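> what would the 3D arrangement of this be:
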Amino acid sequence: MNPATNVSSRREFIKTTGRVAAVSALAGMTVPFVHAEGNETLQVALIGCGGRGGGAAANALRVKDGHTKLVAMADVFTHRLEDCHNGLSGDAQSAAHMDVPPERRFIGFDAYQHAMDCLKPGDIAIFTTPLAFRWVHFTYAIQKGLNVFMEKPLTADGPSSRRMLKLAEEASAKKLKVGVGLMCRHHRPLQELAQRAQDGQLGEIILMRGYRMAPSELAACFSEKWPGNPSELLWQISRFHSFIWASGGLFSDFYIHHIDHLCMIKNAWPVKAQALGGRHYRTGQGGAPQVDQNFDHYAVEYTFEDGSKMYMDGRNENRCEEIYNSYVHGSKGSAIASSAGDFSPTSSIFSTQKPSHAHLLWTGKAPPDQGDPYDNEWNDLVAAIREDKPYNEVPRGIAASVTTSMGRMAAHSGVEITYEEMLNHEDVYAPGCENYTMDSPPPLRSGPDGKYPIPMPGLLGKHEFKIDKLG
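Numbering: from 1, shown residues only. I've put the predicted structure just below:
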């Protein structure tokens, strides 16, 4: 059984007082996809103007054919939007492909609609807000007949995962093209390693290992008490890495890349996971208590249908061993998938389990003009739009998100979790997020001491956070 096909069984916010242009006459209507041919300019709208949004927009504006233009931006923080606009405008290459006057810079929870209303069918919307809103924005893009690029992860809970799979079917039926920001899939050395592994050069893959163990520099993952301003909902969204409902926490947001590219090499998704994790440090600099929901270390054992294993270890603690690599072990040899982060300039295969120059069989490098996987994923998406080829990375993005969430939930609950249990889990982490306003309460509230519910292995079972216990 392929679990990826068995569907049955950043941003900060301020008050919605920003600029809003007149709504397009097409708003809310279902419109046909328009194929962009030849040198026709593809207009782009950026929804979510944090660091990831600015990076994705810069990639979009330097595609190979050069015929893209940023025409609208949306966020819920004025300063984020303006900083992003200023940053892109300050880059000569990006600035040459921008036309975003003040009247097309939108602020508020409904800003995504106004930004997409500036596009015509066949243009591109970029989604780089916290994942809780991914399905909301995707729904509107499909109604508008827009192609989409969306950041990872796509989901953190079962209901959103199932909803996104259905939306992916609707997008494909309309011949819309959708890219997902799992850029390792577009890294040429990793692509070639995956092909060589599937051709049998490593023999039977028995074990894979991923490590993201770094100092505790991910400040947004470990939060101190809500200061009282902005609202609690807006503050949580501004620090989305700290909260499961907004990001899946640091496990989902940061470890998904290793998990995804190792599963690409294996050409399979795990069927279950068991794990451990914990919090050694609960105070920040100066001794202030940290109130977020993240563990500072995780160790997950994934099991595939054939019994082979994948281990994903993560740690965010200072003065500890730093490892940020991934490895593959087969019956005929081994491979270093990445030796420097989520991807490295080369991937290598060895004839034994000892990676040394004496046993080196192959080293793959990207062609000089394809060395950046962030650019590659945009060039691949735009080429599919231009050539009207089927292109929808959402089902694979959901499989990666569910697999990652499965490991996270196994660590947080202390019990074994299957892929099917994660996909079909009924807890909604951000109920009603499509109707949030600036006055809405957060889906997760702090207690009298300012702290939030944390995972308690063995106590909450397979329900890491029951929504009805959070108020």
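
> longest helix of this protein?
helix 394-413 (DSSP state H).

> for that one, the distance to its chain's centre please.
11 Å (Cα atoms, centre = their mean, to the nearest Å).

> report all helices and strands that it contacts.
helix 158-173, strand 178-180, helix 249-266, strand 272-278, strand 297-303, strand 417-418, helix 419-423 (3 or more Cβ pairs under 8 Å, 6 or more residues apart in numbering; DSSP states H and E). No exception for glycine: its C-beta is placed from N, CA and C like everyone else's.

> contacts for the fourth one, please.
Under the contact criterion Cβ atoms under 8 Å, 6 or more residues apart in numbering, strand 272-278 has outside partners 295-303, 406-407, 410-412, 414-419, 455, 457.

> and those, which of them are buried?
Buried members of the contacts of strand 272-278, counted by 16 or more other Cβ atoms under 10 Å: 295-303, 406-407, 410-412, 414, 417-419, 455, 457.

> now the longest strand seen in the chain and helix 249-266, what's the angle there?
Taking DSSP state E as the criterion, the chain has its longest strand at strand 205-214. Following axes from the mean of the first three to the mean of the last three Cα atoms, to 10 degrees, one obtains 150 degrees for the angle between strand 205-214 and helix 249-266.

> just give me the residue closest to the centre of the protein.
residue 152 (1.3 Å; Cα atoms, centre = their mean).

> picking that back up, could you single out the most deeply buried of the helices and strands packed on helix 394-413?
The highest average neighbour count among the helices and strands packed on helix 394-413, using mean count of other Cβ atoms under 10 Å, belongs to strand 178-180 at a mean of 27.

> who are the packing partners of whatever helix or strand comes next after that one?
Per DSSP states H and E, the first helix or strand lying C-terminal to strand 178-180 is helix 188-198. Packing contacts for helix 188-198, counted by 3+ Cβ pairs under 8 Å, 6+ apart, involve helix 249-266, strand 326-330, strand 333-338, strand 346-350, strand 360-365.

> distance to residue 102 added to these, as TSV?
TSV is the format used below for the helices and strands packed on helix 188-198 (distance: least, Cβ to Cβ, whole Å):
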stretch	distance to residue 102
helix 249-266	32
strand 326-330	45
strand 333-338	42
strand 346-350	46
strand 360-365	45
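
> shaky segments in the stretch 351-471 of the chain?
465-471 (pLDDT under 70).

> just to revisit the earlier point, buried ones in the longest strand of the chain?
Result for strand 205-214 [16+ other Cβ under 10 Å]: buried residues 205, 206, 208, 209, 210, 211, 212, 213, 214.

> ok, so of the residues you listed, who is nearest residue 129?
residue 212 (23.3 Å; Cβ to Cβ).

> that closest one: what's its closest spatial neighbour, skipping adjacent residues?
Ranked by Cβ to Cβ, 6 or more residues apart in numbering and with sequence neighbours excluded, the top spatial neighbour of residue 212 is residue 314, at 4.9 Å.

> so what's the nearest residue to residue 261 once chain neighbours are set aside scoring on pLDDT?
Nearest residue to residue 261, sequence neighbours excluded (Cβ to Cβ, 6+ apart): residue 184, at 3.9 Å. We have a pLDDT of 98 for residue 184.

> burial check on residue 184, number of neighbours?
Using other Cβ atoms under 10 Å, the number of residues around residue 184 comes to 26.

> okay, residue 9: pLDDT?
Taking residue 9 on its own, its pLDDT is 33.

> what does residue 290 give?
On the pLDDT scale, residue 290 gets 88.

> quick check: phi and psi at it.
phi -90, psi 130 (degrees, to the nearest 10).

> that one pairs with what?
Beta-bridge pairing for residue 290 (DSSP bridges): residue 224.

> ok, the residue nearest to residue 212 - contacts?
Contacts of residue 314 (Cβ under 8 Å, 6+ apart): 211, 212, 213, 250, 251, 254, 255, 297, 298, 299.

> surely it forms part of a strand?
Yes. Judged by DSSP: H, G, I helix; E, B strand; the rest coil, residue 314 forms part of a strand.

> quick check: the gap between it and residue 303.
Residue 314 sits 18 Å away from residue 303, going by Cβ to Cβ, to the nearest Å.

> please apply the same query to residue 226.
39 Å.

> do the same with residue 109
41 Å.

> please apply the same query to residue 147.
To residue 303, residue 147 is 37 Å away according to Cβ to Cβ.

> residue 141: which element?
helix 134-144.

> and residue 93, by the same measure?
Residue-wise, residue 93 maps onto helix 92-95 under DSSP H and E.

> same question, residue 228
Per DSSP H and E, there is no helix or strand for residue 228.

> and residue 286, what pLDDT?
pLDDT, read off for residue 286, is 70.

> and the residue nearest to residue 212, how far from residue 300?
Counting by Cβ to Cβ - residue 314 and residue 300 are separated by 8 Å.

> again with residue 201
Applying Cβ to Cβ to residue 201 and residue 300 gives a distance of 27 Å.

> picking up where we left off before, between the longest helix of the chain and helix 249-266, how many degrees?
Using the same axes, to 10 degrees: helix 394-413 against helix 249-266 is 130 degrees.

> buried stuff in helix 394-413?
In helix 394-413, counting by 16+ other Cβ under 10 Å, buried: 394-413.

> where does the prediction get shaky in the stretch 201-350 of the chain?
Those would be 216-220, 284-285, if you go by pLDDT under 70 across the stretch 201-350 of the chain.

> hmm, back to that, who are the contact partners of the residue nearest to the centre of the chain?
180, 181, 182, 256, 257, 260, 397, 400, 401.

> helix, strand or coil: sort out the most far-flung residue of the chain relative to its centre for me.
Most distant from the centre of the chain: residue 358, at 38.1 Å, with distances by Cα atoms, centre = their mean. Counting by three-state DSSP, the backbone at residue 358 sits in helix.

> check the offset of the host helix or strand of residue 234 from the chain's centre.
Per DSSP H and E, residue 234 falls inside helix 232-238. Relative to its chain's centre, helix 232-238 lies at 19 Å (Cα atoms, centre = their mean).

> after that helix, next one along is what?
Taking DSSP H and E, what comes next after helix 232-238 is helix 244-247.
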